[in-house]
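**Student:** Provided below for reference: sequence and predicted model.
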Amino acid sequence: MSTSFREITINGLWKNNPGLVQLLGLCPLLGTSNSTVNALGLGIATALVLICSNAAVSLIRNTVTNAVRLPVFVMIIAALTTCIELLMQAFTYELFQILGIFIPLITTNCIILGRAEAFAAKNSMLSASYDGLMMGIGFGLVLVAIGATRELLGTGMLFTNMHLLFGSIAEHWQIVVFENYKGFLLAILPPGAFLVLGLLIALKNWIDQLYAERIANTVTVSAPVVSRRVRVTGVVE
Amino acid sequence: MTLPRITSPHAKGANRTQRVMLLVIAATVPGILTLSYFFGIGPLLNIVLACAFALLFEAAILALRKRPVGFFLKDGSVLVTGLLLALALPPYSPWWLIAVATGFAVVFGKQLFGGLGQNPFNPAMLGYVVVLVSFPVDMTAWPAAHSVDAIAGLQHVFFGQAFPDAWSQATVLDALKINSSLTIEELWNSSSAFGVFAGYSSEWVNLAFLLGGLFLLHKKLFSWHAPLGMLAALFIMSLLFWNGNGSDSQGSPLFHLLSGATMLGAFFIVTDPVSSATSVQGRLIFGIGVGVLIYIIRAWGGYPDGVAFAVLLMNLCAPTIDYFTRPRTYGHKAAKRGFKAGE
């Protein structure tokens, strides 16, 4: 069973997006998305773990028996998470402290175990790591979108504290979008994460619906009439 | 001979949505008059802005949802939401604050759940809590009674010009909460915000809302269970935990009944037919829960008043309350609570 790279890309970024469709890994998605830098930091960390774990799981998929596969996967993921944790401690210590418990929690992120089980355990190493990359980017994009929206609504600024991730060149990346903004605290607080995520999911479904309608409109010319059942339950007008 | 095919109900009840909403609006008139006596045109500005924004948001979201706009605007429910929100907000609230509050109330609190009758939370209280959590500074800036003149008020509402410090004043609930050294008598003498039992303005405003509420009760718009449950619970809680008039006092029972949003909550919020419990017994439990929570939040919580939080928390419990207080249907045995195994 092999899936084409194109399909993997579409699945990871849009059709089967871990954040918007599978709704996996909601805990870090909602917990760390209160600013762009936090979101980007955790997104990159998660993506790195995801790529490496998918590759590793794919390599050992024919030698590990079914009975012990889950503990083995979890141990691989935990080891990789520890690596990332140490790397972040070394290079982005402040960000590591801000993200706190969410870094070790990458181990329990459902996306990673989910991709290991659903994809990497059945596919070659190359497509498995590509799937990890695409899923990671898909998750990271949603995370950053939510983070940027919440930061913008909550503080009126964008890209605050980016130097925590990119070093001193990013000191002045901060953009003040709204001058004299009072700050909308709800967006920074946990309810804001739920609201923004809900609206993003709605937006995605709406775009899908529009797209499906456009496809349907171009096809219906030749489509045969399938059913003419009378609707008896009434239509609310 | 052909029989006319008319489906039930054949006898239309008098209490249709529109009439109910009009009565509720009428019942707030004493409260509005009292508020305007103390705060000038502030409450009226709140009401005009909130109702306009509420109608605007409702029309916009109905159009987006492809529902008949005129039909739903006419039932008046959104006006009541706007009105109650306006009465809860501090007089002379800035226009953007009212816009955010009504926007959340109507769009997120009501329409996203499916519109009138589908909302699990009281929309007005949801909008109030959103702005209370988000803009604490603006939400705690109650003007002192008889202080703001109309022109300064208009400038504050529309152009954000700050009031002089002397015009704003801590509400009595706030003053009691942050008080650490004064006895009740000293506290009462320290500020013009205090009246006989509670706040100088709040006791009269609460009495006016009580009057409006009794009018609605007389019109049988709701039963006595929820309001009485809430007021009785608040009274008993404040009596039980009333620790005298020292500096650590939590306030007397009368103080709690006549300050903050007690009466507005008891007769206009807790009685919401959509988001509160429906069975008779359930409504009593709902009211008691709100009353107890209000006292807990006022006495030991982080906010001076807790009506909105208490109502939202009990809204969450309403389905469970209804589940455990199913009334007995006439001619049947008492309903079994819970599911039987194998059902």
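**Tutor:** It's in. Residues are numbered from 1 along each chain as shown, chains lettered A, B, ... in the order given.
**Student:** burial count for residue 148?
**Tutor:** Defaulting to chain A. For A:A148, the neighbour count with other Cβ atoms under 10 Å in any protein chain shown is 18. The C-beta positions use only the backbone N, C-alpha and C, and glycine is treated the same way.
**Student:** try chain B instead
**Tutor:** 22.
**Student:** Equivalent analysis for the one 3 residues further on, please.
**Tutor:** As a burial measure, the neighbour count of B:I151 was computed by other Cβ under 10 Å and equals 9.
**Student:** Next one, pLDDT for it please.
**Tutor:** Note for B:I151: predicted pLDDT of 82.
**Student:** is it true that A:L186 touches B:F135?
**Tutor:** No. The pair A:L186 / B:F135 is not scored as a contact, 9.1 Å apart, by Cβ atoms under 8 Å.
**Student:** element containing the residue positioned nearest the centre of chain A?
**Tutor:** The C-alpha lying nearest the average C-alpha coordinate of chain A belongs to A:F139 (Cα atoms, centre = their mean; 1.3 Å). A:F139 is located in helix A:125-155, with elements delineated by DSSP states H and E.
**Student:** That helix vs chain B: in contact?
**Tutor:** No. Helix A:125-155 lies out of reach of chain B by Cβ under 8 Å from any Cβ of the partner chain, never closer than 8.9 Å.
**Student:** Now do the buried residues in that helix.
**Tutor:** Neighbour-count burial for helix A:125-155 flags A:127-155 (criterion: 16 or more other Cβ atoms under 10 Å in any protein chain shown).
**Student:** Kindly spell out which helices and strands sit in contact with that helix.
**Tutor:** Here helix A:125-155 touches helix A:5-10, helix A:26-31, helix A:36-59, helix A:110-118, strand A:157-158, helix A:185-188, helix A:190-219, going by 3 or more Cβ pairs under 8 Å, 6 or more residues apart in numbering or on different chains; DSSP states H and E.
**Student:** In a markdown table, list those along with mean neighbour count and mean pLDDT.
**Tutor:** Listed next are those as a markdown table, based on neighbours: other Cβ atoms under 10 Å in any protein chain shown; pLDDT from 0 to 100:
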| stretch | mean neighbour count | mean pLDDT |
| --- | --- | --- |
| helix A:5-10 | 15 | 88 |
| helix A:26-31 | 20 | 87 |
| helix A:36-59 | 25 | 93 |
| helix A:110-118 | 21 | 90 |
| strand A:157-158 | 18 | 86 |
| helix A:185-188 | 20 | 88 |
| helix A:190-219 | 13 | 90 |
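**Student:** So for B:R65, which of the ones you listed sits nearest?
**Tutor:** For the helices and strands packed on helix A:125-155, the distance to B:R65 is smallest for helix A:190-219, at 12.1 Å, taking Cβ to Cβ.
**Student:** If I take the closest one and helix A:125-155, what angle do their directions form?
**Tutor:** Per axes from the mean of the first three to the mean of the last three Cα atoms, to 10 degrees, the angle that helix A:190-219 makes with helix A:125-155 is 120 degrees.
**Student:** Which elements pack onto helix A:190-219?
**Tutor:** helix A:26-31, helix A:125-155, helix A:185-188.
**Student:** Try it again at 7 Å.
**Tutor:** Here helix A:190-219 touches helix A:26-31, helix A:125-155, going by 3 or more Cβ pairs under 7 Å, 6 or more residues apart in numbering or on different chains; DSSP states H and E.
**Student:** what about the nearest residue to A:I60 once chain neighbours are set aside, helix or strand, and which?
**Tutor:** In this structure, A:I60 finds its nearest non-sequential neighbour in A:V72, 7.2 Å apart by Cβ to Cβ, 6 or more residues apart in numbering or on different chains. Using DSSP H and E, A:V72 falls within helix A:69-91.
**Student:** Just the CA trace of that helix, in CSV.
**Tutor:** The C-alpha trace of helix A:69-91 is given here as CSV (Å, rounded to 0.1, in the frame of the first residue of the first chain):
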residue,chain,number,x,y,z
ARG,A,69,4.1,-2.4,19.0
LEU,A,70,2.4,0.3,21.0
PRO,A,71,4.8,0.3,23.9
VAL,A,72,7.7,0.4,21.4
PHE,A,73,6.2,3.3,19.5
VAL,A,74,5.6,5.2,22.8
MET,A,75,9.2,4.6,23.8
ILE,A,76,10.5,5.8,20.5
ILE,A,77,8.4,9.0,20.7
ALA,A,78,9.4,9.6,24.3
ALA,A,79,13.1,9.3,23.5
LEU,A,80,12.7,11.7,20.6
THR,A,81,10.7,14.1,22.7
THR,A,82,13.5,14.0,25.3
CYS,A,83,16.0,14.9,22.5
ILE,A,84,13.9,17.9,21.5
GLU,A,85,13.5,19.0,25.1
LEU,A,86,17.3,19.0,25.6
LEU,A,87,17.8,20.8,22.3
MET,A,88,15.3,23.5,23.3
GLN,A,89,17.0,23.8,26.7
ALA,A,90,20.2,24.3,24.9
PHE,A,91,19.2,26.8,22.3
